[in-house]
Structure formats: structure tokens, C-alpha cells
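**Q** what shape does this take:
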Amino acid sequence: MLLKTINYDSVTNFIELYDQYKKNNHLSFEDFFRKYIPTLNKNANNCVGLALLLIEKLKQFDDRYSGIKNCFYLVSCEINLQSFDKYENTEYPCPWLSVNEHIMVALKIEIDGRVGVLLLDPGYPLDRVITVMNDQEYPNTGHFLSSTNPEEVYLIEMIMQGKYLQWSIYDESNLKETNLIYIGAPYLSPISVTERRNLVFTYRFFFSLSEKGENLSGIFAKIDEHILCLYYIDEDYPKEKQIIKLTPELFSSVNQLNSDIKKTLDRISHHLKISSKELWNILTKLNHIIEDEQFLDSLCKINNDIQNLNSGK
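**A** So this is what the prediction gives:
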């Protein structure tokens, strides 16, 4: 239900970052970003906000299972690692080498002496609770399909004496990506580290989801490549995502929009539960940011520097 009622949004807080920077334009973006304190907006949630909201909702189970509200905890995830070498001989992930791009919710379990963990990820999103048992026996989830990309298959396994989970993503039969989830201790820096890191990613999403985690419609921006798109699932062709690339010329006047674009705005704004005018204002702001070369150069440099901190990538 959380996926259906709340949008995934990495756009709103990004726009807030840009607006605050422009108000302090006597600083370089690097200096500004170093001092910037990220804030969460209850109506604009990426993986950080969604995970925190989910933990709050899960506390309701305490009425039925006393004490369970204290058992759910946040876990950090390193995305697209090439090697696990630097994690194997340390008790905890090194904060100077861990980027912590993503967070999830976990609950450790034990069944007749067999250890495991339940994993919930509203931010990727995963549309189910994943059960990972150390012995890979029932009720271990094993391989499962992505809810957002039917070509992808996921496998999450416990490794390194149960301190980590290896999350492998396969495209058909080929290994596409390997992620590492630390479950050995609660993750305590979701806003100061993960939210901050997410602010300088070069891609932005704002989309609505179904209860099954299906991506219904929204905005996609690849800001370093000056790409801004609308997309939606056509009810007549549900397996095909309709993508409309927006050019800078479209933003010269809202009155110049053709009827197809206006219909698309109406369709997507309905899914996002905002007005067409609000959606257009967001798109206009993103287009303005994409055209700000000085800002983009500075942001891309920080993004690259963070990636280079992690030599395992």
C-alpha cells in the first residue's frame, strides 16, 4: 500500500538544493554542498524517505507482536561493486570507502536455530518481502523477477559470516550488477550520508507506482546529458512504455504546447496526484537547471569524486 499511495521523488529535494545554492551564489557549489544540510520532505521521498516511512508504518505491528517495532532497522547498500575485497577483513564497512547510495529495511529472524533476514525495499522498489536464509533453504526466496523490468532477475544471498547480503542482478543469463548490503548493524546516517549522496546523482526520477511496484508514469532526467523525458504505460499496450523527450524549445511558452503533450501531462499528473500546472512547473524548473552549465559542471565533478572515493567501483 505504501508504494501505491506515495510517489518516488528524487526531483523535489534536488530542486530545493539548487534554489538554496542560488540564494548563496557567493559560494562555489563545492563549498556550498560541503556545508549544506539535507532535509526531508514528507511529500518528496526517494529511498531514504520511503524507508523511514515504512519503518514507521511497520511499528503498527507492535500491537500484535509486542516488541517487534524495535527489531526493524535500516541497512545500507553499496551499488554496482566490482569487488568485495575491502569488505572481507573488516568488522564494519569503512566510512571513508563506503558510499552508501541506497538504504533498505531489515528484520533478523531465526527458525529452529537457522538464521536469516527479511528485507524490504520500497525505494528500488522491490514489490515483496525478501527472505534470505543463511542455509538457502525454505523459506529462502532465491531467484525472483524485477517488478519494474521483466528482463531482470534478482538473487540475494547471505555472505561473509552473515554480515552482508550479496544482491546479484541478472539480465537474461548475464550478470549485470552486483550490490552489497550490510546487515551486521543498523545504519544510522540515512540523511547526512545517503540523502546527501543522492542529491548529486546525475539522474532524477519522479514517478508513481502500483501496489506491485510497477512503474506507471512519471519524469526521468539525465541532467549531465541534457535529457528530460515524460513516460507512461499505455493502457492499450501495457507492455510498452511510452516515452516523450522534451526539448528546450517546448518551455518557451506553455501556450505553444500541442494537444498530445497536454494530454500526456494530464495523464501523468493524475497518476502523480498533482495538477498539470504543478507538473509543468517542475519540468520547467528541471529544464532551467539542465541549462545551467556552471552548476552542472560543479555537480558532475562532485559526483565523479564520490565515485572515485570507492576504488572498488
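
**Q** name the residues that touch stretch 140-150?
**A** 116, 125-128, 130-133, 136, 152-156, 169, 212-215 (Cβ atoms under 8 Å, 6 or more residues apart in numbering). (C-beta placed from N, C-alpha, C; glycine too.)

**Q** so, low pLDDT: which residues of this protein?
**A** Within the chain, the segments meeting pLDDT under 70 span 1-4, 213, 236-239, 253-255, 310-313.

**Q** how is it divided into domains?
**A** Following automatic domain parsing, the chain resolves into domains at 2-43+198-306, 58-191.

**Q** buried ones in the helix of greatest length in the chain?
**A** Criterion DSSP state H: the longest helix present in the chain is helix 293-309. Of all the residues in helix 293-309, those buried under the rule 16 or more other Cβ atoms under 10 Å are 295-296, 298-299, 302-303.

**Q** can you map out the strands along the stretch 1-150 of the chain?
**A** 8-9, 73-78, 102-111, 114-120, 130-133, 144-145 (DSSP state E, counting those that start in this stretch).

**Q** picking up where we left off before, restrict the contacts of stretch 140-150 to the buried ones and give me that as a ChimeraX selection.
**A** Buried residues among those (16+ other Cβ under 10 Å), as a ChimeraX selection:
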select :116,125,126,127,130,131,132,133,152,153,154,156,169,213,214,215
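
**Q** starting at the chain centroid, how far to the longest helix of the chain?
**A** Centroid displacement of helix 293-309 relative to its chain, using Cα atoms, centre = their mean, to the nearest Å, is 19 Å.

**Q** kindly report the same for stretch 251-264.
**A** Its chain's average C-alpha position is 29 Å from that of stretch 251-264, according to Cα atoms, centre = their mean.

**Q** would you map the helices across this protein?
**A** Applying DSSP H to the chain gives helices spanning 2-5, 12-23, 29-35, 47-58, 85-88, 196-199, 259-272, 276-290, 293-309.

**Q** of those helices, which is nearest residue 228?
**A** helix 276-290 (5.8 Å; Cβ to Cβ).

**Q** what residues sit buried inside that closest one?
**A** Those would be 276, 279-280, 282-283, 285-287, 289-290, for helix 276-290 by 16+ other Cβ under 10 Å.
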